[in-house]
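[1] Take a look and give me a structure for this.
(chains A and B)
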Amino acid sequence: MCAIHVKNLKKYFGETRAVDGISFEIKEGEIFGYLGPNGAGKTTTIRCMMDFLRPDEGMIEILGLDAQAQSAKLKQEIGFLSEEDNLYQDWTGQEHINLIKRIRGGKTRESELITKLDFDPNKKVKTLSSGNKQKLGLILALMHQPKVLILDEPTKGLDPLLQHTVHEILQTEVKERNTSIFMSSHNLSEVEKTCDRVCVLKAGKVVAIESISDIKKKKLYTIYIYFDGEVPERKKLAALDVEIIKELSNGLVLSVRGEIKPVLAKLSKLNLKDLEITHASLEEVFMEFYI
Amino acid sequence: MLALVTRVIKDNRTFFIANAFIWVLFIWMYVAFFPSVSENAAQLQEAFKSYPESFFKAFSINMDVMFTNLEGFLSIEYYSIVWPILMVIFVLTYGSFTIAGEIDRGTIEVLLAQPISRTKIYWAKYLAGVILILAFVFLSNFSVVPFTMLYHVKFQWQALLTISALGFLFSLSVFSVTTMLSSLFSSRAKAASLAGGVLIVMYVLNIISKFKVSVDNLKYLSFFHYFDHSAALIDNHISALAVAVFLGVSLTCTLAGLIAFIKRDIAT
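    Below is the predicted model of the structure:
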């Protein structure tokens, strides 16, 4: 069964097509990254999933329930973290925790999360740093052991050490509870490390949905070639059918899209001294969608 | 839902105490004044005779009882302007926050992310408001009791119940209008200023209608016309029309606010 199913989701604000026919599925126990530049429609999608915004068209099902019609029932199983600092500034962390415990009832595990994230729940929110506010947001999202986590920029404002702790917590959720996680992020290395699959958005439309391993195999390579002697003339290199990014004193830096074998075969005919191939980072792949 | 109601009341406790303190001071001042006013009733009545008739009509002033009993004195000095203004300020401040304030600050997302329907969130906020209004109405009226004892002033206690009932209905109507506007807008300032504007227009309409016979019917558009404090305190009476208008407006605006909140998009 898929944990989240979004089909042909559309949300317009007047002339602005914030989300324009998005479809994707998230499996149980999967961490799904949602990538896109500002204004691509990430937060609008999340707000539709949480029933803050009502879609103009399309369908959202989470754990087999309609995200609009059965929103309140569904939220028993959802943990949500907002991108913004949307906490009550005059309350302490403990007051937030207490209210949510009273509304939700059932077993919670806030003490474990407080210890893991090294959070002081007795301070008023207005006195907390942005990182500590983010910690509180994460505790509130995770404390009731949800089956689905919807996280908008979960590590925003956290230092690298805490980012690592959050990644560990999310991976433990998946391993131990088979939690399905939908997370939007601008942090590409985080997505690369944490997610199983990623959806890339551009101007309200999905431009790619791929597994991280497939993206890594995306056939976008950077090749450093060094010649034994002078660098051949450009005319001779045209046959390689690759993009030359940079010229070095005794070599070239090439960018290769697609299958690398034919390029290597052609390169082998040149008088090469050395060759170095690197896979493009997720960031470089990501940029490919927007150039 | 109860968790939310108690939380809202807890959040407003400082605001409540501060307002209550101001109210009690006003009541104390008026009751403390009354014995000396009563002693000089004849001279004061004589001085007021030079005022135009329409002035007395506009502010529902009954000269026969204004300086001779506490009910009449409070009706003019306290319930004609001070009480409605203080109550309107309180209701606008709280009412505009119920939904629009939460959206303004983004905190509505904390509530909407929980397994609780929008209907329950709305009713929790509304119920908390009604409880706070009841507490204010009780305090703003019944705090007169210890001061009448302190200054040995006679007062008919039944009138307190009548003015409290009328005050509650008036406040409930203002609260319902404000809550409806709070559900329609995402800005607390917009909701509060629009509700405030509506009330100012109502107040002006009521005054104008009493000065000019040709526009007499305009008074029916004003809550202040139905808030007949003089009849409640002196005659111990509330008109059936006032009850019907206050309850009708409250019910209509409350339900309109609920529907607006359920149907609307919420983007913080």
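
[2] Can you tell me how far the most far-flung residue of chain A relative to its centre is from A:Asn250?
    Residue farthest from the centre of chain A, counting by Cα atoms, centre = their mean, is A:Gly229 at 45.4 Å. A:Gly229 sits 8 Å away from A:Asn250, going by Cβ to Cβ, to the nearest Å. Backbone N, C-alpha and C define where each C-beta goes, glycine included.

[3] just to revisit the earlier point, run through the residues that contact the residue farthest from the centre of chain A.
    By Cβ atoms under 8 Å, 6 or more residues apart in numbering or on different chains, the residues touching A:Gly229 are A:Asn271.

[4] so it, which of the three states?
    coil (DSSP: H, G, I helix; E, B strand; the rest coil).

[5] per-residue confidence at it?
    At A:Gly229, the model reports a pLDDT of 80.

[6] and what of the one 3 residues further on?
    If you check A:Pro232, the pLDDT there is 80.

[7] Repeat that for the one 4 residues further on.
    Reading off the per-residue confidence, A:Lys236 sits at a pLDDT of 73.

[8] Can you say which helix or strand has A:Ile4 in it?
    Assessed by DSSP states H and E, A:Ile4 sits inside strand A:2-13.

[9] Residues contacting that strand, please?
    A:17-30, A:32, A:41, A:44-45, A:48-49, A:53, A:55-63, A:147-148, A:180, A:182.

[10] Packing partners of the longest helix along chain A?
    Across chain A, the helix with the greatest residue count (assigned by DSSP state H) is helix A:160-177. Secondary-structure packing of helix A:160-177 (3 or more Cβ pairs under 8 Å, 6 or more residues apart in numbering or on different chains; DSSP states H and E): strand A:31-35, helix A:110-117, helix A:130-142, strand A:180-185, helix A:188-194.

[11] list the buried ones in the last one?
    The neighbour-count criterion (16 or more other Cβ atoms under 10 Å in any protein chain shown) identifies A:Leu188, A:Glu190, A:Val191, A:Glu192, A:Thr194 as the buried residues of helix A:188-194.

[12] what's the last one in contact with, if anything?
    In this case it means A:Thr194. A:Ile31, A:Gly33, A:His167, A:Leu170, A:Gln171, A:Met183.

[13] Spit out the contact partners of the last one.
    Under the criterion of Cβ under 8 Å, 6+ apart, the contact partners of A:Met183 comprise A:31-34, A:149-154, A:170, A:191, A:194-195.

[14] Please identify the residues of chain B in proximity to chain A?
    Contact residues, chain B versus chain A (Cβ under 8 Å from any Cβ of the partner chain): B:3-4, B:7, B:11, B:105-110, B:112-117, B:120, B:263, B:265-268.

[15] Show the buried residues in these.
    Judged by 16+ other Cβ under 10 Å, buried ones among the residues of chain B next to chain A: B:3-4, B:7, B:11, B:105-110, B:112-117, B:120, B:266-268.

[16] now, which of those residues lie within helices?
    Per DSSP H, these map to helices at B:Ala3, B:Leu4, B:Arg7, B:Asp11, B:Arg105, B:Ile108, B:Glu109, B:Val110, B:Leu112, B:Lys120.

[17] Next, format the helices and strands packed on helix A:160-177 as TSV and append mean pLDDT.
    Shown next, in TSV, are the helices and strands packed on helix A:160-177 (pLDDT from 0 to 100):
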stretch	mean pLDDT
strand A:31-35	92
helix A:110-117	91
helix A:130-142	92
strand A:180-185	93
helix A:188-194	81
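
[18] Can you identify the element that follows the helix or strand of chain B with the lowest mean pLDDT toward the C-terminus?
    Here the helix or strand of chain B ranked lowest by mean pLDDT, DSSP states H and E is helix B:63-66, holding a mean of 69. Downstream of helix B:63-66, the next assigned helix or strand under DSSP H and E is helix B:70-77.

[19] Give me the buried positions along the helix or strand that that following helix is followed by.
    Downstream of helix B:70-77, the first helix or strand assigned by DSSP H and E is helix B:82-96. Using 16+ other Cβ under 10 Å as the test for burial, helix B:82-96 gives B:82-84, B:86-88, B:90-96.

[20] who in chain A is up against chain B?
    So chain A meets chain B at A:47, A:50-54, A:71-76, A:78, A:80, A:82, A:84-90, A:96, A:99-100, A:102-104, A:140 (Cβ under 8 Å from any Cβ).

[21] Just the buried ones among the residues you listed, please.
    For the residues of chain A next to chain B, buried by 16+ other Cβ under 10 Å: A:47, A:50-53, A:71-72, A:74-76, A:78, A:80, A:82, A:85-88, A:96, A:99-100, A:103-104, A:140.

[22] In helices, which of those residues appear?
    Those of these lying in helices (DSSP H): A:Arg47, A:Ser71, A:Ala72, A:Leu74, A:His96, A:Leu99, A:Ile100, A:Ile103, A:Arg104, A:Leu140.

[23] What number of residues are in the vicinity of residue 23?
    Because you didn't say which chain, this covers chain A. 14 (other Cβ atoms under 10 Å in any protein chain shown).

[24] switch to chain B, that's the one I care about
    Other residues near B:Trp23 number 21, with proximity taken as other Cβ under 10 Å.

[25] Give me the three-state assignment for the residue lying closest to it once chain neighbours are set aside.
    Using Cβ to Cβ, 6 or more residues apart in numbering or on different chains and skipping residues adjacent in sequence, the residue nearest B:Trp23 is B:Ser140, 4.7 Å away. Following three-state DSSP, B:Ser140 is assigned to helix.

[26] Likewise for B:Asn236?
    Classified using three-state DSSP, B:Asn236 is coil.

[27] Work out for me the element B:Val130 sits within.
    Counting by DSSP H and E, B:Val130 is part of helix B:118-142.

[28] mind exporting the helix or strand that comes right after that helix as PDB, just the C-alpha atoms?
    Downstream of helix B:118-142, the next assigned helix or strand under DSSP H and E is helix B:144-150. C-alpha atoms of helix B:144-150 as PDB (Å, rounded to 0.1, in the frame of the first residue of the first chain):
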ATOM      1  CA  VAL B 144     -20.900  47.300  42.500                       C
ATOM      2  CA  VAL B 145     -22.300  45.200  45.500                       C
ATOM      3  CA  PRO B 146     -19.300  45.600  47.900                       C
ATOM      4  CA  PHE B 147     -19.000  49.300  47.200                       C
ATOM      5  CA  THR B 148     -22.700  50.000  47.900                       C
ATOM      6  CA  MET B 149     -22.100  48.300  51.200                       C
ATOM      7  CA  LEU B 150     -19.000  50.300  51.800                       C
END
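
[29] per-residue confidence averaged over helix B:144-150?
    On average, helix B:144-150 scores 90.

[30] Identify all contacting residues around that helix.
    By Cβ under 8 Å, 6+ apart, helix B:144-150 touches B:Ile27, B:Trp28, B:Val31, B:Ala32, B:Leu70, B:Leu74, B:Val153, B:Lys154, B:Phe155, B:Trp157, B:Leu160.

[31] For it, buried residues please.
    For helix B:144-150, a neighbour-count test (16+ other Cβ under 10 Å) marks B:Val144, B:Phe147, B:Thr148 as buried.

[32] do stretch B:220-229 as well
    Quick answer for stretch B:220-229 (16+ other Cβ under 10 Å): B:Ser222, B:Phe223, B:Phe224, B:His225, B:Tyr226, B:Phe227, B:Asp228, B:His229.

[33] thinking again about what came up before, what residues of the longest helix of chain A count as buried?
    A:Leu162, A:Gln163, A:Thr165, A:Val166, A:His167, A:Ile169, A:Leu170, A:Glu173, A:Val174.

[34] would you list those residues in a markdown table and tack on distance to B:Asn217?
    Formatted as a markdown table, these follow (distance: Cβ to Cβ, whole Å):
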| residue | distance to B:Asn217 |
| --- | --- |
| A:Leu162 | 68 |
| A:Gln163 | 69 |
| A:Thr165 | 70 |
| A:Val166 | 66 |
| A:His167 | 70 |
| A:Ile169 | 68 |
| A:Leu170 | 67 |
| A:Glu173 | 67 |
| A:Val174 | 70 |
